[in-house]
Structure formats: C-alpha cells, structure tokens
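[1] quick check, what structure comes out for this input:
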Amino acid sequence: MTAPAQEAVDISTLLHSKPGVNGGRVCLAGTGLSVRAIASVYNEGLTPEEILRDVYTHVDLPRIYAAIAHYLANKAAIDADIEADAKAFDRLAAEERAAKGA
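    Here you go, the predicted model:
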C-alpha cells in the first residue's frame, strides 16, 4: 500500500519579510530568524542538516534550504549587508574600548 500523496509546498511560503522584524530583512516564515543568520553559519561550512541539528533546532529543514537558496541567489547583497554590520560592530567596539581607556 502506498502512502497518500502530500500536497506540494509553495516554496515562497517558507520565507517572509516584514517591516520592523530584523530591519525588514528576509526571515524564515513563522520565525524572526533571518536568512543572514543562516548564511553566516552556512559560510562557516555547516551543511543544512548540521545547521538544523546543531544550531537552529527550532526550524525545519525545508526553511533552512529555502534560506540558503535565497542567500545564494542574492549573495552579493547579503554578503555586503553582513560586512557592513561587521564593520559597524568593530567601529562601535573600538569606540567603547577608547571610552573606557580615556
């Protein structure tokens, strides 16, 4: 006996963007988890399965794959956004260190 066929999932339902949630950045649907967060651990070399098992256990694998697909399709823009945030963080950290040393 065969299992009943599952209804196809519209992949566009796996990600969303809302003003006021993570600066309007694309997130995994039903969460506040951004594609950028998934991209960061993906760029550290984790596979989608490892991301699910070791880092973001509260989401499902299809959303992780959707986030990675979105990241790869928009890699230059997302990487630039991540880099800008890293530079801002470094600048603020340096300012705080300087203020404590003053």
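[2] need the contact list for His16.
    His16 sits next to Val26, Cys27, Leu28, Ala29 when contact means Cβ atoms under 8 Å, 6 or more residues apart in numbering. All C-beta atoms are positioned from the backbone trio N, CA, C, and that covers glycine.
[3] quickly list what it is bridged to.
    On the basis of DSSP bridges, His16 is bridged to Cys27.
[4] separation between it and Ala29?
    Distance of His16 to Ala29, computed by Cβ to Cβ, to the nearest Å: 5 Å.
[5] swap in Asp79?
    Noted for Asp79: a distance of 23 Å to Ala29, by Cβ to Cβ.
[6] same question for Ala5.
    Ala5 sits 23 Å away from Ala29, going by Cβ to Cβ.
[7] neighbour count: these two, which is higher?
    Per other Cβ atoms under 10 Å, whichever of Ala5 and Ala29 has more neighbours is Ala29, with 16 against 6.
[8] helices and strands around the helix or strand of the chain with the lowest mean pLDDT, which ones?
    Least confident element among the helices and strands of the chain, by mean pLDDT, DSSP states H and E: helix 75-101 (a mean of 88). In terms of contacts (3 or more Cβ pairs under 8 Å, 6 or more residues apart in numbering; DSSP states H and E), helix 75-101 is packed against helix 35-43.
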